[in-house]
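Trainee: Here is a sequence together with a model predicted from it:
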Amino acid sequence: MSDPTPPIPAFAIAARFFDGQSAGETVVRGVADQLKGRLQIFDEESGRLLAEWPLEEIRMIRDPGFGDGIVFFREGHDEARLNVGSAEDAAALGGVTPNHRKVKVAKGTARKVLFWTGGAVAALLLILFVILPTLSDTLAGMISPEQEEQIGLTVVGQMEGMLGSRNGSGFCTEEAGQAALEKMGDRLTAHIELPYPLKLKVIRHPMINAFAAPGGHVVIVSGLLDKAYSAEEVAGVLAHEIGHVYNRDPLRITMRTAGSAGILSMILGDFAGGALVLAISQQLMQASFSREAEAAADVFAFEALEQSGLPTEGIARFFEKLRDRYGDSEGAMEYLASHPNLASRALAARAAETRTRGDFEPVLTDAEWDALKAICK
Amino acid sequence: MAYTDAPIVEDDVLHGAYRGEGGRLFWLALGTGVLTLLTLGIYRFWAKARIRRYLWSATAPGGNPFEYTGTGLEKFLGFLVAVVILAAYLGILNVVLLFLGFSVITGGDPNDPMVMFQQVLVLYINLFALIPLIFFAQYRARRYLLSRTRWRGVRFGAEKGAWGYTWRGCLLSILSGITLGLLSPLQTFKLEKYTWDRTWYGDAKFTQGGKWTSLYRAMIHVVIGVLLFIGAAVLMAVDPQLGLLGMVLFFVGYIWLIIGFIYYQVHAWRILAAYKVLGENIRFRSLPRTGTIIGTYIVGTIAVSLLTALALIPVGFLMAGLATFMDGANPNGLFGSPQGIAFIAIIAFAYIFAIIFAGALSMVFITQPILRHYVEETTVLNASGLDAIRQRVGDEVVDAEGFADALDVGAAF
């Protein structure tokens, strides 16, 4: 017994034909002949042969919106279109055209994609990590110290707002404590030239932290004073912040951040879950900027302490305290953190020590240290 | 209404037909959405091309479908080009503007409104630098879209002119801004005329006729909304006793204004369509209805929310089950235990799934019905003139619609 339904050697379909030269429509009859491997398209009215398409070159337009009115064309001659009216005729034609779903990918496409993607990535890296940082550093250098102090005032005001007080009411101004702080600052800056005078302030808040703002403003958060074991520990932190002031980091980083703002969200686009990817990549990029600055401020701090005849033990203990309290960034998280790993910072601080233990003139007298600790009380 | 009484010869017309099916579109949108997520967004160019191919082919005036010939690949490459140019432009502009901004900060009390205004200006001035780019991107995107659209085998096309569109767009926006919207019909009309006078179908050019003042008819409900606002303000100022009435009037005015804006868009479209000519005498009649559009939005939004909530029910049960299984464990240990991590993973999955699912549903329940309404209410008049239109040479648009993609100002699909 042979196959009960042998393939139909030839069949006709009703369609509309567009020759690709004009928008005029011709009602046609298509005759598909499998043995000859071709589709002949005849004008229904005059019977004239309009086109002859090899079956294996016939393609369908993909992702059609509905079942009837499927459009076919001939690969490589893509101007003419055949609009097959009924779903049955379209299915029949689909059945004898083996390649109708094939998509032609031009030769060298993979190389082209790699070339363009690589070029774009390289250009973006160049913009984000070379051009913009250089430009913002250069322009930051052109802002006058007086101007920068003004900008700093605004930034300090915003910081105060973030810590929950306004109009300067959050700052502790008790005289003896302030004098002790100034003395500490003087000792640490005696051997260097800052572009503007140091302006030290203490703000009332339980957080253990300190900030440097543009123009020589350094704000110590009172939580840091409460939890410090010694004046040298505070001096170590202050030396680190003075390092930021010396390098003009707050201004440079503000300008770098502004430069890259919006660029990442543009690259990633708007898709489900995109907000998370965006947040992570933004953090990655900014963290790499600021980790660099933090490391430089650490190095500055160790040197300033050394020059002022103070031990690095204090700042090392401070790093350990932060680690114990807030945990450390380890493994992959390290790349997301804005500061270097705390354990390694403590190690580096101890390694920078040159004097024997206890061999130094205290930065504050006991009375001054008590006054500083009580500045917000 | 009078302005829609175009010369009608009913035996020589092509009626717009839309034959898209909700089911097909839903699976297409859901599948491409998942692929976009899995590829961290890279697939979005291909997703858009596939959705367009579907929507175009579903649009079939006189039974002959449109055809979208754009590819995801060319969109992706165009995006790469655009994003590099934009990153350089925006990055440098951001830094320079901040530098200039810093030069105007004079310090002072951060609570002083004047100082605050200065700071806000410094921080957001770069957004204004984006506006010209948006006009530029929109024109380029439209030109690309037309160059990749065929109907009856013949290509559409648009002339180059993105810069001309950009400066006209900026100027007209400023003009309608400083007149508090009174001249916005001028903006609508001039920009429409600029784009359509440069639009081709095969070797036939479109012409936008008519006068810009005729668009004022479409503004009527915007005006009523504004008048209600003024009335409410007057009431509240004159007599505190009438405060409650004023509040009600205020609310009514707000709703009226929103409807008024949609009414303006729909009716401006009607008027502008009636004055478009293709070639010698092919004309159009397009009569979409404000009520249908608003109804589609309301019903569609309800349907999307309900169905998304329904789809999330199994996820809710899963979470409830897991929560009882964890049985009052320390909530801080959420990251520590395997159950805790599974819990968080389910929430993250549910969140992302809900976004993709709701996105696919709103394609089906909002985007497609509105497109269907516009297509079905549009008629081509003197359609036999189409037979004389000849093919045009394709336009190369190297950057595809990369600028619009990067700035996210593309069309809804």
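Mentor: Right, received. Where do you want to start?

Trainee: Chain B versus residue A:360, what's the distance?
Mentor: Residue A:360 is 39 Å from chain B, where distance means C-beta to the nearest C-beta, to the nearest Å. Bear in mind the C-beta positions are built from the backbone N, C-alpha and C, glycine included.

Trainee: what about residue 194, how many residues close to it?
Mentor: Using chain A here. When neighbours are counted by other C-beta atoms under 10 Å in any protein chain shown, residue A:194 registers 14.

Trainee: oops, I was thinking of chain B
Mentor: Residues near residue B:194, counting by other C-beta under 10 Å: 17.

Trainee: hey, where'd the strands end up in the chain?
Mentor: Defaulting to chain A. Using DSSP state E, the strands of chain A run over residues A:10-18, A:26-33, A:38-43, A:49-54, A:58-60, A:70-74, A:77-84, A:171-172, A:199-203, A:210-213, A:217-221.

Trainee: look at chain B instead
Mentor: Counting by DSSP E, the strands of chain B are B:13-15, B:66-68, B:149-151, B:154-158, B:199-201, B:204-208, B:276-278, B:282-286, B:378-381.

Trainee: which residues touch the closest residue to residue A:197 other than its chain neighbours?
Mentor: Closest residue to residue A:197 apart from its sequence neighbours, by C-beta to C-beta, 6 or more residues apart in numbering or on different chains: residue A:216 at 6.0 Å. With contact taken as C-beta atoms under 8 Å, 6 or more residues apart in numbering or on different chains, residue A:216 is in contact with A:148, A:149, A:152, A:194, A:195, A:196, A:197, A:198, A:199, A:245.

Trainee: and the gap between the fifth one and residue A:214?
Mentor: Same thing as residue A:195. For residue A:195, the distance to residue A:214 (C-beta to C-beta, to the nearest Å) stands at 11 Å.

Trainee: Kindly report the same for the first one.
Mentor: From residue A:148 over to residue A:214 the distance is 5 Å, taken as C-beta to C-beta.

Trainee: any shared contact partners between those two?
Mentor: Joint contacts of residue A:148 and residue A:214 (C-beta under 8 Å, 6+ apart) are A:248, A:251.

Trainee: And the two? Which one has more around it.
Mentor: Neighbours per residue (other C-beta under 10 Å) separate residue A:148 from residue A:214, with residue A:214 holding more: 30 against 23.

Trainee: which ones are touching the more buried one?
Mentor: Taking C-beta under 8 Å, 6+ apart, we find residue A:214 in contact with A:148, A:149, A:151, A:152, A:155, A:248, A:250, A:251, A:254.

Trainee: Hmm, the first one is touching residue A:251, no?
Mentor: Yes - counting by C-beta atoms under 8 Å, a contact exists between residue A:148 and residue A:251, whose distance comes to 5.9 Å.

Trainee: what residues are shared contacts of those two?
Mentor: If you check residue A:148 and residue A:251 against C-beta under 8 Å, 6+ apart, the residues they both contact are A:214, A:215.

Trainee: circling back: tabulate the strands of chain B (a markdown table), appending mean neighbour count and mean pLDDT.
Mentor: Shown next, in a markdown table, are the strands of chain B (neighbours: other C-beta atoms under 10 Å in any protein chain shown; pLDDT from 0 to 100):
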| stretch | mean neighbour count | mean pLDDT |
| --- | --- | --- |
| strand B:13-15 | 17 | 92 |
| strand B:66-68 | 21 | 93 |
| strand B:149-151 | 23 | 94 |
| strand B:154-158 | 23 | 95 |
| strand B:199-201 | 21 | 96 |
| strand B:204-208 | 18 | 96 |
| strand B:276-278 | 20 | 96 |
| strand B:282-286 | 21 | 95 |
| strand B:378-381 | 20 | 94 |
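
Trainee: Might you list the low-confidence residue ranges for chain A?
Mentor: Residues of chain A meeting the criterion pLDDT under 70: A:1-8, A:65-68, A:78, A:269-278, A:280-282, A:284-286, A:289, A:329-337, A:356-358.

Trainee: the helices in it, which residues?
Mentor: Remark: helices assigned in chain A by DSSP state H are A:87-96, A:109-126, A:132-142, A:145-162, A:175-189, A:222-227, A:231-246, A:249-260, A:263-268, A:274-307, A:313-326, A:342-351, A:366-373.

Trainee: which of those helices is buried the deepest?
Mentor: Burial of these is given as mean neighbour count (mean count of other C-beta atoms under 10 Å in any protein chain shown); helix A:231-246 ranks first at a mean of 25.

Trainee: by how many degrees do it and helix A:175-189 diverge?
Mentor: 60 degrees (axes from the mean of the first three to the mean of the last three C-alpha atoms, to 10 degrees).

Trainee: follow-up on the earlier one: can you narrow the contacts of residue A:214 to ones near chain B?
Mentor: A:149, A:151, A:254 (C-beta under 8 Å from any C-beta of the partner chain).

Trainee: from these, which is closest to residue B:305?
Mentor: Using C-beta to C-beta, residue A:254 comes nearest to residue B:305 of the ones next to chain B among the contacts of residue A:214, at 41.8 Å.

Trainee: ok, for the closest one, nearest residue in space, not its chain neighbours?
Mentor: residue A:214 (7.0 Å).

Trainee: Could you do residue B:279 as well?
Mentor: residue B:204 (3.5 Å).

Trainee: what sits against residue 206?
Mentor: Here I'm looking at chain A. Contacts of residue A:206 by C-beta under 8 Å, 6+ apart are A:222, A:223, A:226.

Trainee: The intended chain is chain B.
Mentor: Per C-beta under 8 Å, 6+ apart, neighbours of residue B:206: B:196, B:197, B:199, B:200, B:276, B:277, B:278.
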